[in-house]
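# I need the structure of the sequence given here:
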Amino acid sequence: MSAPIQSGPRTYEIRTYGCQMNVHDSERLSGLLESAGYVRAGDAEPDVVVFNTCAVRENADNRLYGNLGHLRPVKDGHPGMQIAVGGCLAQKDRDTIVKRAPWVDVVFGTHNIGSLPALLERSRVRAEAQVEIEESLVTFPSTLPTRRESPYAAWVSISVGCNNTCTFCIVPSLRGKERDRRPGEILAEVEALVADGVLEITLLGQNVNAYGSGFGALATAPDEVRAMTGGGQSAFAGLLRACGGVEGLERVRFTSPHPKDFTDDVIAAMAETPNVMPSLHMPLQSGADPVLKAMRRSYRQERYLGIIEKVRAAIPDAAITTDIIVGFPGETEEDFEQTLHVVREARFSSAFTFQYSKRPGTPAATMDGQVPKRVVQERYERLVALQEEISWEENKKQLGRTLEVLVAEGEGRKDDATLRLSGRAADNRLVHFRAPDEPVRPGDMVTVEVTYAAPHHLVADKPAAAVRRTRAGDAWEARQGGSADGGAKGVALGMPSIGRPAPAPAAAAPGCSTGR
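Alright, predicted model coming up:
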């Protein structure tokens, strides 16, 4: 059967699930498709639907195949429509996807996202499914075209893959061993982004603070890496300080670090580099030493709380967030109480909490001592209640404080009704504030006083103390004049949104954060 003839450019839509790494990969997929002549579908029915999938949670498979099932009658009524599945679940399931959903046209993995346009064309011409999975990285993703979702905040990937072997996590087997970008490439990208109007970057890596390990022994590392580690500091600390020297870059964030690699020099770099923001996402997973050992997490409660203590001493106003898994195999009530103890001691501003679920192919899936669902649920509810109480108490400490807020797009679902705007403070807290009398654009900075605190946001209802128009706001305004659509659809984040380069729905899907 020959491929249908179509007039005009083909349209596309990308649906993203999982962590920030997937969100950034979807920006690259958009860039690749648009470089190949595709255009965003907007509100129209797309010619191509791409699923960028997550494999961390147990229901990831059900969600994908459910969505594919819903699309089947749509495709039947839309001649020439194509469906592509990529990401971690595609890397794991491979040709199983087209066996379970024969109407899928393309399956590609985490290592060859650059192949998508060619695979779509090959499938269209041959009228048969194309499955292409690579076992190792073909091209470092940052070299691919990118269509950024935000003109004022951007992701910058500094590494891909992970060398850890956490027993609950399938991500390393799907993303591969850690590979690092050269510092010069990273800083060149940052400088180019700033030249385009970006004020805030988030450095991304599966284990971001292990940056440098991908170069092997320091003696054989590139000269620029050795220069960055002068004085004995780690490569990641050196990279943070180098970002501090980029003129016009106002905010630097990073995610996700691992406690085992979180060294004192990184804390010093955070404290001493003005544009590195006072926020830290530090995954805990469990507060119990026996559970951490079973998880193959190479730190213990004392080490973790020691890091938190040092961060608070160096950066008193830091907002610290975390990930916690409840009900890992073998977890006892005593173990769970140790997790609650750490939560009380650390006083996280927020926590992403997950009920343990088996992932086939991980050691934890076959461990003895699987905790009954009702026990996991009861513990989970106690943890959420405790963290909710702490989050509210910590947010109340912000009352009366003056904050500079980076105005964001899509953060406040009730902004139109409340006549407010929304954005992120330096510590990444969400702030809803009274709309100033003068025009304010996403990317501009507004100085406000906090008048109300809730567990998950702050409110500033007094008149704004100051409005600072920025190059980022100019970039946002320019994009409105040249944009034919309202942005990507269906992004479900599983990590704390840092700078939030793209709007996300309220219900977040767990992402690779549980693998850090």
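# Just the buried positions in stretch 302-309, please.
304-305, 307-308 (16 or more other CB atoms under 10 Å). In short, each C-beta sits where N, CA and C put it, glycine included.
# no wait, stretch 400-411
Buried residues in stretch 400-411 (16+ other CB under 10 Å): 403-411.
# Please apply the same query to stretch 176-187.
176, 178, 180-181, 183, 186-187.
# Now, those residues that are in helices?
183, 186-187 (DSSP state H).
# And the residues you listed, which is closest to residue 14?
residue 186 (24.8 Å; CB to CB).
# Chain neighbours aside, what residue packs nearest to that closest one?
Excluding the flanking residues, the one nearest residue 186 by CB to CB, 6 or more residues apart in numbering is residue 158, at 5.4 Å.
# wait, doesn't the one you found sit right on residue 181?
Yes: Residue 158 sits in contact with residue 181 when judged by CB atoms under 8 Å, with a separation of 5.7 Å.
# Now that we have the buried residues of stretch 176-187, can you turn them into CSV and tack on distance to residue 230 and pLDDT?
Converted to CSV, the buried residues of stretch 176-187 look like this (distance: CB to CB, whole Å; pLDDT from 0 to 100):
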residue, distance to residue 230, pLDDT
176, 30, 78
178, 22, 85
180, 18, 91
181, 19, 90
183, 12, 93
186, 17, 94
187, 16, 95
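# if we can go back for a sec, take the ones in helices among the buried residues of stretch 176-187 and lay them out in JSON lines including distance to residue 14.
Shown next, in JSON lines, are those (distance: CB to CB, whole Å):
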{"residue": "183", "distance to residue 14": "30"}
{"residue": "186", "distance to residue 14": "25"}
{"residue": "187", "distance to residue 14": "28"}
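# Residue 353 falls within a strand, correct?
Yes: Residue 353 forms part of a strand when assessed by DSSP: H, G, I helix; E, B strand; the rest coil.
# okay, now it: neighbour count?
Using other CB atoms under 10 Å, residue 353 has 18 neighbouring residues.
# Check the gap between the closest residue to it other than its chain neighbours and residue 380 for me.
Nearest non-adjacent residue to residue 353, counting by CB to CB, 6+ apart: residue 324, 5.0 Å away. From residue 324 across to residue 380, the span is 9 Å (CB to CB, to the nearest Å).
# which neighbours do these two share?
The contact sets of residue 324 and residue 380 overlap at residue 353 (CB atoms under 8 Å, 6 or more residues apart in numbering).
# Look at the two and report which has more neighbours.
Comparing residue 324 with residue 380 by neighbour count (other CB under 10 Å), the higher total belongs to residue 324, at 23 against 19.
# pLDDT value on that one, please?
The model reports residue 324 with a pLDDT of 98.
# In a strand, residue 406, correct?
Yes: according to three-state DSSP, residue 406 belongs to a strand.
# what's the helix or strand for the residue lying closest to it once chain neighbours are set aside?
Counting by CB to CB, 6+ apart, residue 406 lies nearest to residue 423, which is 5.0 Å off, once chain neighbours are set aside. Assigned by DSSP states H and E, residue 423 belongs to strand 420-424.
# Paired strands for that strand, with orientation please.
Using DSSP bridges, strand 420-424 pairs in its sheet with strand 402-407 (antiparallel), strand 430-434 (antiparallel).
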